[in-house]
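> Give the three-dimensional model of this entry:
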Amino acid sequence: SLAMNPVQRPEMFIIGAQPVCSQLPGLSPGQRKLCQLYQEHMAYIGEGAKTGIKECQYQFRQRRWNCSTVDNTSVFGRVMQIGSRETAFAYAVSAAGVVHAVSRACREGELSTCGCSRAARPRDLPRDWLWGGCGDNVDYGYRFAKEFVDAREREKSFAKGSEAQGRVLMNLQNNEAGRRAVYKMADVACKCHGVSGSCSLKTCWLQLAEFRKVGDQLKEKYDSAAAMRISRRGKLELVNSRFNQPTPEDLVYVDPSPDYCLRNETTGSLGTQGRLCNKTSEGMDGCELLCCGRGYDRFQSVQVERCHCRFHWCCFVRCRKCAQVVDQHVCK
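All right, here's what the predicted structure looks like:
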C-alpha cells in the first residue's frame, strides 16, 4: 500500500509528527511505531515496494496471473488471501525491493541513521586494489527490512498448528528469501584510476545487483517452490517428504493456486478475458494456453514508430514517423 500511495520526501514533513504515520494506509501497529521512529525511511520503503510490484508484473507479464494491482489497500486483491506460490513470489519480491531501496538510500546519504557500506574487505581482492569506495549498505538495508516488513506477521495471533500459523510462517519464509536474494547477489564493483586510463590502480566497493537479476532469481525460486503444510508442533513441513527441505533462500506455499482462467470474485482472480496473446507462440503467452482454450479474437491496430533515421552533423538524429498496421489477438 505504501507503493500505491507515495510518501512525501523526508524534507516535506516535520520529524516526529505522528499524523504522517497515522495517515498511511495498511500499516500494522508495530509498523506504525517504526514509522514514527524512522519517518525518513518511509518514502524509500514505498519506492522499494513499488520496484517489487513492477518486477512482479514484468516476470509474470506472459502468465495467466500477471501480478495485476487493484484499486484498494490490498494492492493485489483477494488473491493474496490464498497462500499460493504466486503469493509467495509477491511477498518475496516486495521484501527484496525494500532491502534494495533502503540500502541504496544509505549510500546516497538520504538517511540519517546509516551511510556507506562498512563491509569487510574481500579476502580474494588483489592487494594493490583499494577497498574504500562508498558502497551500498546492504547490511543496514537487510536488518531494517527484516524489522519493518516482518513486524506485521509477528504481531498476528493464532493457535499452534492452525492454518493461520502456517500462513504466517509461509510469509516470514518468503520475506526472508526475498531479502537474502538481494543480500547474496550484492558484489564487488571497481573503478580504474591512472594516467590515460591505464588502470594502474583500482578502487572497489560493495554494490547491489540490478533488481532485474534479483527478480530473475526469485522467479527461478518460484518455479521450484516447495509445497508445505503446518504440523501439530507448529512448524512447516513438506507435503511430499521425497523432496529436499527448503533452505531460507527458497520460496514455499501452503495452498494450491486458484484457477486464473476465469474471473472469480471469491478468489480474486481477474481471469484472462481481453488479454493480448501471441498467436504463434507455444509458450504461456500463446493464445492457446493464455486463453485457456476459449479461443481468441483478431483485430488490427495502427502502430506509429520512428523510421528512416539519419545522423546530422553535428550532432543530432532526425527520424520520420511511420505507421504500420499490425494484427493483434485477444482472449475471448
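
> Wait, G283 touches R63, no?
No. Look at G283 against R63 with CB atoms under 8 Å: they stay out of range, at 9.9 Å. Every C-beta, even on glycine, is put in place using the N, C-alpha and C of the backbone.

> Could you check which of the two is surrounded by more residues?
Shown here are G283 and R63; by other CB atoms under 10 Å, R63 has more neighbours (16 against 11).

> can you tell me how far that one sits from G194?
According to CB to CB, to the nearest Å, R63 and G194 sit 49 Å apart.

> got the CA positions of stretch 238-245 in CSV?
C-alpha atoms of stretch 238-245 as CSV (Å, rounded to 0.1, in the frame of the first residue of the first chain):
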residue,chain,number,x,y,z
LEU,A,238,7.0,-30.8,3.3
VAL,A,239,3.8,-32.2,1.8
ASN,A,240,6.0,-34.6,-0.1
SER,A,241,8.9,-35.9,2.1
ARG,A,242,10.8,-37.1,-1.0
PHE,A,243,11.8,-33.5,-1.9
ASN,A,244,14.6,-31.7,-0.3
GLN,A,245,13.9,-29.5,2.8
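
> what's in contact with it?
Here stretch 238-245 makes contact (CB atoms under 8 Å, 6 or more residues apart in numbering) with A226, A227, M228, R229, P246.

> Do a quick rundown of the strands in the stretch 201-332 of the chain.
201-207, 226-230, 236-238, 252-253, 263-264, 269-270, 276-277, 296-312, 316-331 (DSSP state E, counting those that start in this stretch).

> Single out the most deeply packed of those.
Mean neighbours per residue, mean count of other CB atoms under 10 Å, is largest over these for strand 252-253, with a mean of 24.

> Which strands or helices does that strand pack on?
If contacts are counted by 3 or more CB pairs under 8 Å, 6 or more residues apart in numbering; DSSP states H and E, strand 252-253 sits against helix 85-107, helix 163-185, strand 226-230.

> could the ones you listed be laid out in JSON lines, adding mean pLDDT and distance to L2?
What follows is those, written out as JSON lines (pLDDT from 0 to 100; distance: least, CB to CB, whole Å):
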{"stretch": "helix 85-107", "mean pLDDT": "97", "distance to L2": "9"}
{"stretch": "helix 163-185", "mean pLDDT": "98", "distance to L2": "15"}
{"stretch": "strand 226-230", "mean pLDDT": "97", "distance to L2": "28"}
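
> could you dump those to JSON lines with distance to R320?
Shown next, in JSON lines, are the helices and strands packed on strand 252-253 (distance: least, CB to CB, whole Å):
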{"stretch": "helix 85-107", "distance to R320": "40"}
{"stretch": "helix 163-185", "distance to R320": "43"}
{"stretch": "strand 226-230", "distance to R320": "54"}
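
> Burial-wise, tell me which of the ones you listed comes out on top.
It is helix 85-107: most buried of those by mean count of other CB under 10 Å, with a mean of 27.

> Kindly list the main-chain dihedrals of C192?
Taking degrees, to the nearest 10, you get phi -80, psi 150 for the backbone angles of C192.

> what about the residue lying closest to it once chain neighbours are set aside, distance to W129?
Spatially, and ignoring its direct neighbours in sequence, C192 is nearest to C199 (3.7 Å; CB to CB, 6 or more residues apart in numbering). The gap separating C199 from W129 is 10 Å, by CB to CB.

> Of the two, which one has the most company?
W129 (15 against 12).

> Could you pull up the residues touching the residue lying closest to that one once chain neighbours are set aside?
Using CB to CB, 6+ apart and skipping the chain neighbours, the partner closest in space to W129 is K202 (4.3 Å). The contact partners of K202, taken as CB under 8 Å, 6+ apart, are P126, D128, W129, L130, C190, K191, C192, H193.

> again, only this time at 7 Å
Each residue near K202 by CB atoms under 7 Å, 6 or more residues apart in numbering is listed here: W129, L130, C190, K191, C192, H193.

> What of G166?
Going by CB under 7 Å, 6+ apart, the list of residues near G166 reads R229, I230, L236, V254.

> residue ranges with poor pLDDT in this structure?
6-19, 72-73, 196-197 (pLDDT under 70).

> thinking again about what came up before, may I see the contacts of G166 organised as JSON lines, with distance to S117 added?
Formatted as JSON lines, the contacts of G166 follow (distance: CB to CB, whole Å):
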{"residue": "R229", "distance to S117": "40"}
{"residue": "I230", "distance to S117": "38"}
{"residue": "L236", "distance to S117": "33"}
{"residue": "V254", "distance to S117": "36"}
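
> Please confirm that I53 is located within a strand.
No. Secondary structure assignment (DSSP: H, G, I helix; E, B strand; the rest coil) places I53 in helix, not in a strand.

> what separates the nearest residue to it once chain neighbours are set aside from L125, distance-wise?
Spatially, and ignoring its direct neighbours in sequence, I53 is nearest to A3 (5.4 Å; CB to CB, 6+ apart). From A3 over to L125 the distance is 37 Å, taken as CB to CB.

> So those two - more neighbours on which side?
Comparing A3 with L125 by other CB under 10 Å, the one with more neighbours is A3, at 21 against 14.
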